[in-house]
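In: 3D, please:
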Amino acid sequence: MSNPRVKVTIRCKRCGEKFTLRGRKDRGRVDTGFKMCLCNNDVDFDIEEEEA
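Out: Have a look, this model is predicted:
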């Protein structure tokens, strides 16, 4: 079974940098492989799933 690809917008709450990525949805979570913002923040983000 193939997991659907979804578009996700990630915004850093510390510096305001915005990333738009595609990921795979698995068990209610979206995995994009995103690890860290350019400002070295790795925990404080707003994550929104985009409509297709």
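
In: All the strands of the chain, in order from the start?
Out: Counting by DSSP state E, the chain has these strands, from start to end: 5-12, 18-26, 29-31, 45-49.

In: Show me the one of those strands that comes nearest residue 37.
Out: strand 5-12 (4.2 Å; Cβ to Cβ). (C-beta placed from N, C-alpha, C; glycine too.)

In: Sort out which residues of stretch 42-52 are buried, please.
Out: By neighbour count on 16 or more other Cβ atoms under 10 Å, the buried set for stretch 42-52 is residue 45.

In: contact partners of it?
Out: Outside stretch 42-52, the residues that touch it by Cβ atoms under 8 Å, 6 or more residues apart in numbering are 6-14, 20, 30, 35-37.

In: Assess the claim that residue 38 and residue 16 are in contact.
Out: No. Taking Cβ atoms under 8 Å as the definition, residue 38 is not a contact partner of residue 16, at 10.8 Å.
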